[in-house]
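Enquirer: Need a 3D model of the following:
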Amino acid sequence: MFLRSAVPGGFLLLTAALLTAQPARGPEAAARKALDLLLAEKYSELSAMFSDNFKQTITLEFLQQRVSAELKEFGAPQDIGQPVLGTDGPNNLVSFPVRFANTSIHVQFTLNPSRQVVGMFFRPPDKPLPYTWKRPQYSKPDTFHDREVTVGADKWKLGGTLTIPVANGKVPGIVLVHGPGPNDRNESLFATRMFEDLAEGLASRSYAVLRYDKRSKVYTDEMSETDYTLDDEVVEDATRAAALLRKQAEIDPARVFVLGHSLGGYAGPRIAARDGKLAGLILMAGPARPIEDVAFDQTDYVMRLRGEPGANEQSRLNQLKAERDRVKQLDPKANNPPVLMGLPTGWWMNVKGYDPAAEARKLGLPMLVMQGERDFQVTMKDFAIWKSALAGRANVTFHSYPALNDLFIKGEGKGSPAEYHNPGNVAPEVLDDIAAWLANQKH
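Expert: Numbering: from 1, shown residues only. Next up is the predicted model:
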């Protein structure tokens with residue numbers, strides 16, 4: 001969810017000519033150096049400027065494949081203007097206006113006090129510094145309140161927020177389970193907070209919602225030192241959250257549901273099987289295909305947004321395809337590489353043979369399966385697999401939305417990483433459909 005692809009030959013010479021501005025000092029100089037390296041595709045040197053935590057979030061592989069792919073859509077750089085400066089607590093924000101052949105954007109770097117890069121974003125020309133999230137109209141703050149909670153009690157304990165409706169008697173509860181990457185409890189991305197939208201929207205309709213910071217967000221360093229699995233990253237904490245929700249005085253313990261988004265939806269059937277007590281599952285943009293195939297298709301799509309990939313991009317796609325094939329051929333008895341496609345080999349072994357749609361069919365639970373038709377990350381291919389696997393089940397409901405993306409936010413045209421930079425909220429009809437489905441799940 002970043003930028004967009006590489007540029008033709010001769011780019012390095014052009015970049016060198018463009019990058020001869022007045023010398024800058026402090027964070028501005030460090031940010032300018034990072035911009036130079038980004039535009040010159042010197043990703044190893046750029047990565048060396050990242051903080052240790054940010055290197056885990058934006059890996060060298062991600063720079064070479066996804067970030068490079070996003071740059072391609074912008075075309076060759078033409079001009080770099082004076083930066084816009086700001087602060088975010090102790091961090092400095094430096095945002096450069098860059099005019100490319102096909103568009104103009106701001107490239108923003110967030111620098112910590114040690115001048116390390118801890119954030120990197122592309123922003124529209126009229127909004128060089130971060131947007132702020134706006135509460136959706138369907139949220140009625142006078143109808144609910146928040147309470148801080150802790151999920152788990154061991155070394156992996158996580159902070160969370162329980163959003164509780166003002167209601168008489170016990171209410172149903174929903175646990176929100178994140179997509180891939182080190183997400184916070186709101187699934188914050190630029191000016192969007194998908195999980196905060198869902199929590200406040202559903203609480204406004206008399207459903208309690210628990211959301212929590214993801215383990216890979218809170219314990220990035222610790223997880224980077226272990227051969228963690230999907231169970232470690234997602235399943236264990238989700239089942240702990242469901243158990244915690246059942247113990248809350250306001251919650252009907254027989255009406256606790258899990259809502260999984262993206263990777264959380266993929267893991268949903270495994271979470272339900274592990275928990276054994278859920279009243280139902282809500283799967284939003286849940287992959288039904290092998291994750292290595294989903295990941296490859298995402299990258300291939302982004303690299304082709306503005307035409308056929310160039311030689312460099314095709315080489316990277318070939319490399320990624322080779323890694324995908326190695327994932328499929330992993331043998332627990334073989335001498336496997338420690339990391340493939342940016343994830344520990346143990347993660348891939350943990351999901352080898354896992355078929356979420358087939359597992360969902362075995363559960364017999366009520367389910368709501370939802371999909372944005374403009375989603376290029378998890379696509380209608382996955383939605384079709386869910387529909388086929390769960391066909392004929394009276395307790396399963398399907399909804400797809402022509403105008404919505406992976407975040408269930410409205411947009412137009414072909415989906416692209418750039419639209420994630422636009423402010424927006426989960427579409428009202430999504431909240432309506434979830435609430436209507438929950439109302440039908442009587443015990």
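Enquirer: ok, now which ones touch the residue nearest to Lys33 when sequence neighbours are not counted?
Expert: Ranked by Cβ to Cβ, 6 or more residues apart in numbering and with sequence neighbours excluded, the top spatial neighbour of Lys33 is Met49, at 7.1 Å. The C-beta positions use only the backbone N, C-alpha and C, and glycine is treated the same way. Neighbour list for Met49: Ala30, Lys33, Ala34, Leu37, Gln116, Val117 [criterion: Cβ atoms under 8 Å, 6 or more residues apart in numbering].
Enquirer: change it to 7 Å
Expert: The neighbours of Met49, taking Cβ atoms under 7 Å, 6 or more residues apart in numbering as the test, are Ala34, Gln116, Val117.
Enquirer: what's the closest of those residues to Pro90?
Expert: Of all the contacts of Met49, Pro90 sits closest to Gln116, with 12.0 Å by Cβ to Cβ.
Enquirer: Can you check which helix is longest in the chain?
Expert: helix 311-328 (DSSP state H).
Enquirer: all strands of the stretch 1-150 of the chain, in order?
Expert: Here the stretch 1-150 of the chain has its strands, by DSSP state E, counting those that start in this stretch, at 77-80, 84-88, 91-100, 104-111, 117-123, 144-151.
Enquirer: Out of these, which is closest to Phe376?
Expert: strand 117-123 (16.8 Å).
Enquirer: Could you list every helix and strand that that closest one packs against?
Expert: Using 3 or more Cβ pairs under 7 Å, 6 or more residues apart in numbering; DSSP states H and E, the elements in contact with strand 117-123 are strand 104-111.
Enquirer: hey, C-alpha coordinates of the strand it packs on in PDB?
Expert: Provided in PDB are the C-alpha atoms of strand 104-111 (Å, rounded to 0.1, in the frame of the first residue of the first chain):
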ATOM      1  CA  SER A 104       2.300  15.200  -9.100                       C
ATOM      2  CA  ILE A 105       2.500  14.000  -5.500                       C
ATOM      3  CA  HIS A 106       4.200  14.700  -2.200                       C
ATOM      4  CA  VAL A 107       6.600  12.200  -0.900                       C
ATOM      5  CA  GLN A 108       6.600  12.400   2.900                       C
ATOM      6  CA  PHE A 109       9.200  11.000   5.300                       C
ATOM      7  CA  THR A 110       8.800  10.700   9.000                       C
ATOM      8  CA  LEU A 111      12.000  10.900  10.900                       C
END
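Enquirer: For it, which strands pair with it and how are they oriented?
Expert: strand 91-100 (antiparallel), strand 117-123 (antiparallel) (DSSP bridges).
Enquirer: My reading is that Leu431 is in a helix; is that accurate?
Expert: Yes. Per DSSP: H, G, I helix; E, B strand; the rest coil, Leu431 lies within a helix segment.
Enquirer: how close does it get to Met194?
Expert: 12 Å (Cβ to Cβ, to the nearest Å).
Enquirer: who's more crowded, the two?
Expert: Neighbours per residue, other Cβ atoms under 10 Å: of Leu431 and Met194, the larger number sits with Met194, 27 against 22.
Enquirer: In contact with that one, which residues are there?
Expert: Glu187, His261, Leu407, Phe408, Val426.
Enquirer: From those, pick the one nearest Arg99.
Expert: Leu407 (28.2 Å).
Enquirer: If you tally nearby residues, what's the number for the closest one?
Expert: The tally of other residues near Leu407 (other Cβ under 10 Å) stands at 28.
Enquirer: Could you say which helix or strand holds it?
Expert: If you go by DSSP states H and E, Leu407 is not part of any helix or strand.
Enquirer: With Pro124 as the reference, measure out to it.
Expert: Per Cβ to Cβ, Leu407 is found 17 Å from Pro124.
Enquirer: count of neighbours near Thr110?
Expert: Look at Thr110: counted by other Cβ under 10 Å, it has 23 neighbours.
Enquirer: so when I look at Asp231, I'm seeing a helix, right?
Expert: Yes. Note on Asp231: a helix contains this position according to three-state DSSP.
Enquirer: That one and Ala403: what is the separation?
Expert: According to Cβ to Cβ, Asp231 and Ala403 sit 35 Å apart.
Enquirer: which of the two has more neighbours?
Expert: Between Asp231 and Ala403, counted using other Cβ under 10 Å, Asp231 has the larger neighbour count: 18 against 13.
Enquirer: Tell me if I'm right that that one and Trp347 touch.
Expert: No. Asp231 is not in contact with Trp347 according to Cβ atoms under 7 Å; the separation is 9.4 Å.
Enquirer: Many thanks, have a good one.
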